Every structure is written in structure tokens, then in C-alpha cells.
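**Q** any chance you could fold what I've pasted below:
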Amino acid sequence: MMSSWFLLVALACGLVGAQDPSLQELNTKVQQLTTKVEELQREVSARPQVAFSAALLETQQWTIVGPFDADKTLEFKKVVTNIGNGYDPETAEMMSSYFLLVALACSLVGAQNPADVILRQLISRVEQLERDSENTVTSQVAFSVALLEQTTWTITGPVAADQTLVYKKVLTNIGNAYDTETGVFTAPVKGLYYLRITGVVGSSMTLRAGLKKNGEDIFEIKAKDQGSGSNGAALELEKGDRVYVRLMRGSAIADQSRLSTFTGFLVFPMESA
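**A** Residues are numbered from 1 along each chain as shown. Presented below is the predicted three-dimensional model:
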């Protein structure tokens, strides 16, 4: 009995009912390989790699959109991450992950490929899944830190120049990729990461802080007068990329061991090109 996964792909790609005798000759090998694919897919959670993160505007100038007379779909134009190309900046819609999976399978198999090509592609798929399975086991990365260890309300700043924030209270540091001496998280493997920062500020003060990757601005938070800010993004990182938070000149930030935080974790590893 041919596996349900293979039948789904074959149906979607128009392979069911093929009359090529070579396909029948290789049927046994294909069945064995598809069984192996199913086993490996279960090990790596059988999900496609799909993630996106987008900001509303590409301009760095303060810009207000609206008010509107009617409901409006917001089109986020600055694409930070779009793994799988599921997000469309023209429509602001996310394609269904099920459709992406079938599309991925169809592109892998190819409706007009001869049977020997299909067999080679299945072998390649097995090898890829085996690598993914190994990565899933070895690539466990997550950290969450607070700015200060003391529980008393403490204000840092206003600072005279941009300053990297060094978060001292470690809540979680699986993989030891966050450095408490420098405040820098260094990606141990290539992959899709989720990163978030939160911050609070004291009375009559202003907070402006930003997440940076290798010196590149990714996103910012702003707050004033005992307010708070939070922001996050899904970000594709190469092995060795450095991510950290910079407090901008003239800004201040407050904490009491649990209010101003920096958090990140590996969503899934990705194979290097």
C-alpha cells in the first residue's frame, strides 16, 4: 500500500495513473523511501519552514496612517523575514501553510519527471530529513534575561552616547549563546530566531532603544513618562551573527529585575548554503 503522504503529493502533482513502466519497476524502492520519509518527517515534526516578520512602513520618519472612514487591511511594506515567501506585502495576506506544503512537494517531485528522477529526489529528501533530524536534536537555543539583578527600582541613564545594554539577570540561557559580560547574543547555528525586547522608563524621562544585528537596525521601542514599550521580530540569522540592544543617546531605562527584558529563541535551524 503506497503511503498516504506520497499519494497526496502524486495527486497534487498529476502523477497518479502514470503509465511509465519504469515507474512500476521502481515502485518497491519508492514505497521503501516514502516510508522512510514518513518516519523522518515525524522526527522533525513534519512541518514546513514558514515564518515572516514585517513592519508597516519602510521610511524611518515618524508617519501616521489614518484615521480611516472604514475598516482597512494594513499592508506591512518593510519585510524583515519571509521564509517560505508566504507573506505578500502587496496584499498583507499569509498563504496557507497547507498550500505551501503541497506546493513544496510539487516542486520537489515535478509532474513531468521520469521515475528515476523521482527516485533520486526521494533519496535526496531522505538525506535532507536525516540532517534536519540531527539539527533538531543538537540545535536547542533559548535565552531570556532582565536588565538588573536587584529588585529595587533603578534607572540607567539618561546616557550621553548610544550604549549597548548588558542584561545581568539570566532567567534562561540554553546553549549559552548570550554573554552576560557584553550583552550580545551570538547565533550558534544558522536558523530562524524569534527576538523580543521590553523596556520601562521613569517619570519625566524618555526611552528609545533598538535591536541591532551586526550593527544593522532591526526594530525599536519607545516610551516616556513611566511608560513601557515592547517589540519583536522573527529574524533569519547566520551562524556567528551578533544581536544586541542599544540604548539611544539621551534615553533612560528602568528595571527591578523583571521589567526590562531581552528574550530570544531558535524557532528552527536552517541548512547553510
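**Q** and the nearest residue to residue 226 once chain neighbours are set aside, how close does it get to residue 254?
**A** Of all residues not flanking residue 226 in the chain, residue 203 sits nearest, at 5.1 Å (C-beta to C-beta, 6 or more residues apart in numbering). Heads up, the C-betas are built off the backbone N, CA and C, glycines and all. To residue 254, residue 203 is 10 Å away according to C-beta to C-beta, to the nearest Å.
**Q** compare these two (neighbour count), which wins?
**A** residue 254 (23 against 10; other C-beta atoms under 10 Å).
**Q** okay, now the unreliable bits of the stretch 101-250 of the chain?
**A** 101-122, 125-126, 128-138 (pLDDT under 70).
**Q** where along it do the helices fall?
**A** Shown for the stretch 101-250 of the chain, the helices assigned by DSSP state H, counting those that start in this stretch span residues 115-138.
**Q** so which residues of it form strands?
**A** Under the criterion DSSP state E, counting those that start in this stretch, strands of the stretch 101-250 of the chain are mapped to 142-146, 154-156, 163-164, 169-174, 178-179, 184-186, 191-200, 206-213, 216-224, 228-237, 242-247.
**Q** for these, give me TSV that also has mean neighbour count.
**A** Formatted as TSV, those follow (neighbours: other C-beta atoms under 10 Å):
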stretch	mean neighbour count
strand 142-146	20
strand 154-156	16
strand 163-164	15
strand 169-174	14
strand 178-179	20
strand 184-186	20
strand 191-200	22
strand 206-213	22
strand 216-224	17
strand 228-237	18
strand 242-247	22
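**Q** which residues touch residue 229?
**A** 198, 199, 207, 209, 221, 222, 223 (C-beta atoms under 8 Å, 6 or more residues apart in numbering).
**Q** tell me, how many residues neighbour residue 157?
**A** The local packing of residue 157 (other C-beta under 10 Å) involves 20 other residues.
**Q** that one: what's it in contact with?
**A** Contacts of residue 157 by C-beta under 8 Å, 6+ apart are 163, 205, 247, 251, 252, 253.
**Q** repeat that for residue 172.
**A** Contacts for residue 172 (C-beta under 8 Å, 6+ apart) come out as 142, 143, 144.
**Q** who's in contact with the nearest residue to it once chain neighbours are set aside?
**A** Distances taken as C-beta to C-beta, 6+ apart place residue 144 nearest to residue 172, at 4.5 Å, with adjacent residues excluded. Contacts for residue 144 (C-beta under 8 Å, 6+ apart) come out as 170, 171, 172, 261, 262, 263, 264.
**Q** may I have the beta-bridge partners of residue 144?
**A** Legend: beta-bridge partners of residue 144 under DSSP bridges are residue 172, residue 263.
**Q** hmm, back to that, quick one: the contacts of residue 172 as CSV, columns for distance to residue 35 too.
**A** Below are the contacts of residue 172 laid out as CSV (distance: C-beta to C-beta, whole Å):
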residue, distance to residue 35
142, 33
143, 38
144, 40
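**Q** closest to residue 242 out of those residues?
**A** For the contacts of residue 172, the closest approach to residue 242 (C-beta to C-beta) belongs to residue 143, at 13.5 Å.
**Q** name the nearest residue to residue 83, ignoring sequence neighbours.
**A** Once flanking residues are discounted, residue 83 sits nearest to residue 51: 4.7 Å by C-beta to C-beta, 6+ apart.
**Q** pLDDT score for the one you found?
**A** Model confidence at residue 51, given as pLDDT, is 78.
**Q** could you report the neighbour count for it?
**A** When neighbours are counted by other C-beta under 10 Å, residue 51 registers 18.
**Q** I'd say it and residue 234 touch.
**A** Yes: with contact defined as C-beta atoms under 8 Å, residue 51 reaches residue 234; the gap is 4.6 Å.
**Q** which residues are common contacts for these two?
**A** Common contacts of residue 51 and residue 234 (C-beta under 8 Å, 6+ apart): 81, 83, 192, 267.
**Q** now render these as JSON lines, adding distance to residue 90 and secondary structure.
**A** Formatted as JSON lines, the shared contacts of residue 51 and residue 234 follow (distance: C-beta to C-beta, whole Å; DSSP: H, G, I helix; E, B strand; the rest coil):
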{"residue": "81", "distance to residue 90": "17", "secondary structure": "strand"}
{"residue": "83", "distance to residue 90": "18", "secondary structure": "strand"}
{"residue": "192", "distance to residue 90": "23", "secondary structure": "strand"}
{"residue": "267", "distance to residue 90": "25", "secondary structure": "strand"}
